[in-house]
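Visitor: How does the following fold in three dimensions:
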Amino acid sequence: MKRFFEVISEYAELPKEERPILPKRQTKNSAGYDFYALEDVVIPAHEERNLNTGIKACMPADEHLELFIRSSYGIKYGLMLNNCVGIIDADYYNNPDNEGEILARIRNCSDETVIIERNQRFMQGIFIKHQLVDNDEADGERTGGVGSTLK
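Guide: Numbering: from 1, shown residues only. Now for the predicted structure:
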């Protein structure tokens, strides 16, 4: 199976300049794929906001995508992902609830309002291979989006 990012269908038919930017690495030795803000988002001091990306990720079943706030946003602006590290499972892709759109909930831990502007890089994702125990018997099927495992 291949590994790739794509724009969710809601945005795929928009003119190119209005579509989400596909995540990409900035240098040949970068581990992380930078995600871009879909719209301007204002995050007041000590509050949190949801950021849609308009992006989904397809990957082999033995991989997951880990999401982290970009270092500069954490260090310079006091931002963090609300769950610290986001985990996107392979079966999240094309789920019936949200088509597998990757979402982020960002918390502003600083005393200042922070603005993430449209098309700014704010988060990065790293594909990771994972292992299963020998006696693993998981056989459930994903039926929805965020928080839907076993529901």
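
Visitor: now residue 74, what's its secondary structure?
Guide: Following DSSP: H, G, I helix; E, B strand; the rest coil, the label given to residue 74 is helix.

Visitor: That one contacts residue 80, correct?
Guide: Yes - taking Cβ atoms under 8 Å as the definition, residue 74 is a contact partner of residue 80 at 6.0 Å. Bear in mind the C-beta positions are built from the backbone N, C-alpha and C, glycine included.

Visitor: which one of those two has more residues nearby?
Guide: Under the neighbour definition other Cβ atoms under 10 Å, residue 74 and residue 80 were set side by side, and residue 80 has more, 18 against 14.

Visitor: List the contacts of that one.
Guide: By Cβ atoms under 8 Å, 6 or more residues apart in numbering, the contact set of residue 80 is 69, 74, 106, 107, 109.

Visitor: Show me the beta-bridge partners of the third one.
Guide: I take that to be residue 106. Beta-bridge pairing for residue 106 (DSSP bridges): residue 49, residue 81.

Visitor: and the gap between residue 11 and residue 19?
Guide: In this view, residue 11 and residue 19 are 5 Å apart by Cβ to Cβ, to the nearest Å.

Visitor: ugh, typo on my part, it should be residue 102
Guide: Relative to residue 19, residue 102 is positioned 15 Å away (Cβ to Cβ).

Visitor: swap in residue 28?
Guide: 25 Å.

Visitor: ok, now residue 116?
Guide: Look at residue 116 and residue 19: by Cβ to Cβ, they are 18 Å apart.

Visitor: check contacts around the residue nearest the centre of the chain.
Guide: For the chain, the residue sitting closest to the mean C-alpha position, by Cα atoms, centre = their mean, is residue 102 at 4.1 Å. Contact criterion Cβ under 8 Å, 6+ apart gives 35, 53, 55, 56, 57, 65, 67, 86, 88, 125 as the residues in contact with residue 102.

Visitor: Sort out which of those are buried, if you could.
Guide: Among these, those classed as buried by 16 or more other Cβ atoms under 10 Å are 35, 53, 55, 56, 57, 65, 67, 86, 88, 125.

Visitor: What about those residues, which are in strands?
Guide: Per DSSP state E, strands hold the following members of the buried ones among the contacts of residue 102: 35, 55, 56, 57, 65, 67, 86, 88, 125.
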